[in-house]
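# fold the stuff below for me.
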Amino acid sequence: MDIVPELKQALQQLKIELPNPKTEQVRFEEWRQEYGQNLLDRIKQLIGYDLVLSEHQKELLKKYYEKNLLIIKCLNESKLAPEVKQDIEETLFLPTQSDNI
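Residues are numbered from 1 along each chain as shown. Down below sits the predicted model:
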């Protein structure tokens, strides 16, 4: 079963729906509180797997999230051209065509 196209479409739809956490922090947090669980349920349904993480895995995921926040903070504080920042933000966390899911 090739879930990549469906997952990619779902992620693109999420990008459209999701408020920008940098410019709409309050709205983003409200969205997360209201729709976050629904999003997780949709992802579980798409991948056909109910992900249960161990405490160690949760800690690793938390560290990964914190590092990503640091990357975004650095990008926001950098003197890069806006187009370069946008390109990095749009591609940094998305799978490439060579990645296997």
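
# any weak-confidence spans in the chain?
Along the chain, segments meeting pLDDT under 70 span 1-4, 49-51, 93-101.

# in it, which residue sits furthest out from the middle?
Centroid-distance maximum for the chain: residue 79 at 24.0 Å, with C-alpha atoms, centre = their mean.

# from residue 15, how far out is it?
Counting by C-beta to C-beta, to the nearest Å, the gap between residue 79 and residue 15 amounts to 26 Å. All C-beta atoms are positioned from the backbone trio N, CA, C, and that covers glycine.

# who's in contact with the residue farthest from the centre of the chain?
Contact analysis of residue 79 by C-beta atoms under 8 Å, 6 or more residues apart in numbering lists nothing.

# need the phi and psi values for it.
Here is the backbone geometry of residue 79 (degrees, to the nearest 10): phi -100, psi 20.

# burial measure for residue 10, as a count.
Neighbours of residue 10 under the rule other C-beta atoms under 10 Å: 17.

# distance of it relative to residue 56?
Distance of residue 10 to residue 56, given as C-beta to C-beta: 28 Å.

# circling back to that earlier point, what about the residue farthest from the centre of the chain, distance to residue 92?
From residue 79 over to residue 92 (counting by C-beta to C-beta), the distance is 18 Å.

# what of residue 67?
Taken as C-beta to C-beta, the span from residue 67 to residue 92 is 12 Å.

# got a list of contacts for stretch 6-20?
The set of residues external to stretch 6-20 that reach it, using C-beta under 8 Å, 6+ apart, is 27, 28, 31, 35, 39, 42, 43, 46, 47, 94, 101.

# give the helix, strand or coil label for the fourth one.
Okay, so that is residue 35. The three-state assignment at residue 35 reads helix, by DSSP: H, G, I helix; E, B strand; the rest coil.
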